[in-house]
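J.: Provide a 3D model corresponding to the input given below.
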Amino acid sequence: MIRLSVNINKIATLRNARGGNIPDLIKAAMDIEMYGGQGITVHPRPDERHITYKDVELLRPIITTEFNIEGNPIPEFVDLVLKHKPDQVTLVPDDPNQLTSDHGWDTIKHKIFLIDVISKFKKAGIRTSIFVDPDIEMVKGAKETGTDRIELYTESYAAGYTMDKEKAIKPFVEASQLANVLGLGLNAGHDLDLENLKYFAANIPWLDEVSIGHALIADALYYGLDNAVNMYLRELG
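T.: The predicted structure follows:
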């Protein structure tokens, strides 16, 4: 069964646009779990333009499914994760001012750094996942870092899906097959939506989890949050 972890950054973005606490991020997270969501993902950035470090503190005790914190492992982020001990930490190589994540790790170039950071999280009992492009060499490099899982960065799949879905998914199938052989768990995320999710899930049978935020929250504006969560769950079979 492929698990759905809902990224709630965009709910925080809407709240922060006016200040105050509308919409209520904590209630939204609890509701998503009640509606069937199997995890909550947050991506706090240094400028706290959406999820804040305080949000992480408030969310941790109320999440009853799976809590996934993703981000660039700068010292402040590492301290945050070690303090609140989520079920999973996903390491993403984004710059402080980056609008959204747009590439995976170079697991060869940053091998020593990743080994060091991952070892800290694993000693604390936190499952680790690292963001990678669907590149065979990057998957091989990920194995050498000691990570438990990789998260395939799916923007190129989403961009190519409407033109040639078989071509778009091919590198992801190859990368996932290798990850499976190497004993790596497999997550995926970025630009997955109601149009392209079912095909992706059907062709990546070793997939453990997808993390979806922007598209799901946007769909919730039309369908409601309960309906949107369950529409995505149905796409995952």
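
J.: so where is this structure shaky, pLDDT-wise?
T.: Counting by pLDDT under 70, the ranges of the chain that qualify are 95-102.

J.: ranges for the strands of it?
T.: 3-7, 39-42, 67-71, 88-91, 127-132, 149-153, 185-189, 209-212 (DSSP state E).

J.: Tabulate those strands (TSV), appending mean neighbour count.
T.: From N, CA and C alone the C-beta is placed, and that goes for glycine too. Shown next, in TSV, are the strands of the chain (neighbours: other CB atoms under 10 Å):
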stretch	mean neighbour count
strand 3-7	24
strand 39-42	25
strand 67-71	25
strand 88-91	27
strand 127-132	25
strand 149-153	26
strand 185-189	24
strand 209-212	27
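
J.: Return the residues in contact with the most centrally placed residue in the chain.
T.: Residue closest to the mean C-alpha point of the chain, counted by CA atoms, centre = their mean, is residue 211 at 4.2 Å. By CB atoms under 8 Å, 6 or more residues apart in numbering, residue 211 lies in contact with 5-7, 39, 41, 68, 70, 90, 151, 187-189.

J.: can we see that at 6 Å?
T.: Counting by CB atoms under 6 Å, 6 or more residues apart in numbering, residue 211 makes contact with 5, 7, 41, 189.

J.: swap in residue 7?
T.: Counting by CB under 6 Å, 6+ apart, residue 7 has contacts 41, 211, 213.

J.: Which strand residues bridge the second one?
T.: Residue 211 forms beta bridges with residue 5, residue 189, as assigned by DSSP bridges.

J.: List just the nearest of the contacts of residue 7 to residue 228.
T.: Closest approach to residue 228 among those (CB to CB): residue 213, at 11.4 Å.

J.: burial count for the closest one?
T.: 23 (other CB atoms under 10 Å).

J.: swap in the one 10 residues further on?
T.: Other residues within reach of residue 223 by the criterion other CB under 10 Å amount to 15.

J.: Need the nearest residue in space to it, chain neighbours excluded.
T.: residue 231 (6.6 Å; CB to CB, 6 or more residues apart in numbering).

J.: For the one you found, give its distance to residue 193.
T.: 10 Å (CB to CB, to the nearest Å).

J.: do the same with residue 210
T.: 11 Å.
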